[in-house]
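Participant: Need a 3D model of the following:
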Amino acid sequence: MSTKTVSQGADPVIESRDQLIAAFAKGEKTSEKWRIGTEHEKFVYCTGDHHAPSYDEPGGIRDLLMALTRYGWQPIEENGHVIALSGPDGTVSLEPAGQLELSGAPLENLHQTCAETGRHLEQIKAIGAETAKGFLGVGMWPDKSREELPIMPKGRYGIMLRHMPRVGSLGLDMMLRTCTIQVNLDYATEADMVKKFRVGLALQPLATALFANSPFTDGKPNGFLSYRSHIWSDTDPARTGMLPFVFEDGFGYERYADYALDVPMYFVYRDGKYIDAAGQSFRDFLQGKLPAMPGELPTESDWTDHLSTAFPEVRLKSFLEMRGADGGRWNKICALPAFWVGLLYDQTALDAAWDLVKDWSMDARQTLRDSVPRLALDAPLPDGRTLRDIAPTVLDIATAGLTARARLNASGDNESGFLDPLREIVASGKVPAQRLLDKYHGEWGGDLSRIYADMSF
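Facilitator: Numbers count the residues shown, from 1 in each chain. A predicted model of the protein is given here:
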């Protein structure tokens, strides 16, 4: 989730609808300026007893963040608490229960992305070795209840934790017990954004399937392959989902702005503090009628903050966020951006991907989305096939897209090698969660504590 930093320069009051739409239009870039921003989360645990460390305990999350400053990271504070770090590789931040996230810098190619990930993992592993901390790469805490987990001292999280139970039964699990990998990508024009958005939504279930890595809850199998994905189905229907309107004629920046205006608010940020506005309307805010701040009008940064509180499968800000994948190990962190860059950053590949999915009905897309948390690659397509049947074709399209980009490393290799872990999954027929279940029922003998040795970075 987003980390609030101090705003630089003027923050204009919103006086017209054009300012809302401009938040998206300003993201337009010519293709040579397109960048790749990768975000990945991991669970932090104490190697002695596998408990999730609190913020304040000796060697806990605060100390972990401060130890990272030896690598040049600069602390970001909120109300006297260090809650994030900034540096050349982006931002290191905290999820609600202490999950550690790297929101990477905008980079030109996937070789840089994987190198950035490697630097980050080397740093945290070095500190972990000194402080008896480990870092687990899965999509869901396999053995921790909500009650066992600490809460980080970030103002927005307190508001969200109070609000989540009012609107769904699994929102607290989303906040406290899940980890994800995401990639943020650019667009050239409004039309380019629309096509990428549609392809991203339609094929997000395939990404969910390939990265499915959360088959355990409370110490036992939960009946899902991506329980993290299932959690989103009962988190908050007003701000999640497949967004059918994206596929309607006339969709663009303005229609997404209308959607975002109807997403209930969480907060307003003023003078270093989060003001609780949970469930209130940004439309009322535009008229100076927000109950939490009567008489005040929103600024452009308020709108930017609000856009970060919608959680659909693909999210639009001044870039597109692909949000469907469970957390995983290093090669999966490199593979997720490779999947989407290959499909979306080459026009021929983008056209081919759209041709593959453009005739699916919205009902079929929703059925696919609803099925994939349990079935992964066996989730049904509208023509009677399954995701397993089209996965090789989609990976071929992504491979062709990465090959056409011709971004080479020092050895002369293009970026398509980062898809190898996904090709292996498709060839084997087993997603990561199925392999974990095989181990649980086989060599682990039902001892889920073995997951820490197998799935830590």
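Participant: what's residue 71 in contact with, if anything?
Facilitator: Contacts for residue 71 (C-beta atoms under 8 Å, 6 or more residues apart in numbering) come out as 87, 123. C-beta: built from backbone N, CA, C; applies to glycine.
Participant: Sketch out the low-pLDDT regions of the stretch 101-250 of the chain for me.
Facilitator: Counting by pLDDT under 70, the stretch 101-250 of the chain contains no low-confidence segment.
Participant: just the strands in it please.
Facilitator: 133-136, 180-185, 216-217, 220-221, 240-241 (DSSP state E, counting those that start in this stretch).
Participant: And the helices in the stretch 51-200 of the chain, which stretches?
Facilitator: 61-68, 110-131, 155-167, 171-177, 190-210 (DSSP state H, counting those that start in this stretch).
Participant: Please list the residues outside stretch 428-437 that contact it.
Facilitator: With C-beta under 8 Å, 6+ apart as the test, stretch 428-437 has contacts from 138, 209-216, 221, 224-226, 326, 328, 332, 376-377, 388, 425, 438, 451, 454-455.
Participant: which non-adjacent residue is nearest the spatially most central residue of the chain?
Facilitator: Among the residues of the chain, the one closest to the centroid is residue 182, at 3.8 Å (C-alpha atoms, centre = their mean). What sits nearest to residue 182 in space, not counting adjacent residues and going by C-beta to C-beta, 6 or more residues apart in numbering, is residue 39, at 4.4 Å.
Participant: Ok, residue 371 next?
Facilitator: Counting by C-beta to C-beta, 6+ apart, the residue nearest residue 371 is residue 379, at 4.0 Å.
Participant: how close does the one you found sit to residue 429?
Facilitator: Plainly put, residue 379 is 14 Å away from residue 429 if you go by C-beta to C-beta, to the nearest Å.
Participant: Of those two, which one has the most company?
Facilitator: Legend: neighbour count by other C-beta atoms under 10 Å for residue 379 and residue 429, higher for residue 379 (22 against 11).
Participant: Is the more buried one in contact with residue 204, as I believe?
Facilitator: No - using C-beta atoms under 8 Å, residue 379 is not in contact with residue 204, being 11.6 Å away.
Participant: Pull the contacting residues for residue 364.
Facilitator: Residues in contact with residue 364 (C-beta under 8 Å, 6+ apart) are 381, 382.
Participant: Between helix 190-210 and the helix or strand containing it, find me the angle.
Facilitator: Here residue 364, judged by DSSP states H and E, is contained in helix 362-375. With axes from the mean of the first three to the mean of the last three C-alpha atoms, to 10 degrees as the basis, helix 362-375 and helix 190-210 are set at 30 degrees to each other.
Participant: check contacts around the spatially closest residue to residue 230 that is not a sequence neighbour.
Facilitator: For residue 230, ignoring the flanking residues on the chain, the nearest one in space by C-beta to C-beta, 6+ apart is residue 373 at 3.9 Å. Contact analysis of residue 373 by C-beta under 8 Å, 6+ apart lists 208, 212, 224, 225, 226, 227, 229, 230, 233.
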